[in-house]
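Participant: kindly return the folded structure for what I paste below:
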Amino acid sequence: MKKSPKYPIKVLNKSLSILEILLQQGSSMNMTELSEKLGFYPSTIHRILDTLKHWGYVEQDSHTQKYQLGLKALELGMAKLHQMDLVREATPHLKELVNQCNETVHLGVLEAGEVLYLAKEESSQTIRMISYVGKRAPLHCTSLGKVLLAYLSVEERKKILGEKGLPRLTENTITDKKELEKELGKVREQGFALDRRENEKDVRCIAAPIRNFQGKIIAAISISGPAFRIDVNTRNNQKKALLEISKKISKRLGYNGKL
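Facilitator: Here you go, the predicted structure:
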């Protein structure tokens, strides 16, 4: 719950309430609708809207006389999004995930047909996965890679896989394109991806997508650990924690949960 300001300014509160309602409504509203929704006098609504219109924060349709958010409001939102750094926003949540699971956590993005590790948080375990920020990994046999591949268009996937191929790295690596497509379908359906000792023979991983304000998959986070430490119960617990953290990071990046 938001904490009330110590020194509230009534007209500013009312102005921001109007912007908030227009944001939530998602469609144009006239003065009467705004007045009824907020409980403000129409004369008050009119004066505030006139000022907001002058500054470009609302626009008025000349035919319907209804109001909607203006380009200045979009400009503010975009400025905030551009200022936000993916790694900076994700890092506290990656640490939280490590604290919950005590396994190594990675943040990765798609770069030149491969997974690029942007951030890593180590577990306190003696036996850990060997990796580092800046390392690259294949898409087809890593949980991060499967997530990043799964949400691309068919054409984009074909292009990448045509260039990179499906090299076998362990006996569990998927090397058949039809089998991989089936696997990626499961990823989209379930909302997470698994690496069943496909990239390294003794390592298991699980990954989930990170979305931006447009709902686009821009990154993925994963939990990795030695196969001997990860049984069915452990995997289920990891999945629950991972999906929760991926939602938190996506929300920080402006994603509202709608596609």
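Participant: how close does Glu189 sit to Glu183?
Facilitator: 11 Å (C-beta to C-beta, to the nearest Å). (C-beta placed from N, C-alpha, C; glycine too.)
Participant: of those two, who's got more company?
Facilitator: More crowded of Glu189 and Glu183, by other C-beta atoms under 10 Å: Glu183, with 18 against 9.
Participant: what is the strand or helix carrying the more buried one packed up against?
Facilitator: Using DSSP states H and E, the element containing Glu183 is helix 177-190. Helices and strands touching helix 177-190, by 3 or more C-beta pairs under 8 Å, 6 or more residues apart in numbering; DSSP states H and E, are helix 143-150, helix 154-164.
Participant: avg pLDDT for the shortest one?
Facilitator: Averaged over helix 143-150, pLDDT sits at 97.
Participant: same deal with the longest one?
Facilitator: Mean per-residue pLDDT for helix 154-164: 94.
Participant: need the residues that contact that helix.
Facilitator: Around helix 154-164, the neighbours that count as contacts under C-beta atoms under 8 Å, 6 or more residues apart in numbering are Gly113, Glu114, Pro138, Leu139, His140, Leu149, Leu152, Lys177, Leu180, Leu184.
Participant: so where's the stretch 101-250 of the chain uncertain?
Facilitator: 124-132 (pLDDT under 70).
Participant: quick one, which of the contacts of helix 154-164 are buried?
Facilitator: Neighbour-count burial (16 or more other C-beta atoms under 10 Å) is assigned, among the contacts of helix 154-164, to Gly113, Glu114, Pro138, Leu139, His140, Leu149, Leu152, Leu180, Leu184.
Participant: between the residues you listed, which sits nearest Glu20?
Facilitator: Proximity of the buried ones among the contacts of helix 154-164 to Glu20, judged by C-beta to C-beta, is greatest for Leu152, which lies at 35.6 Å.
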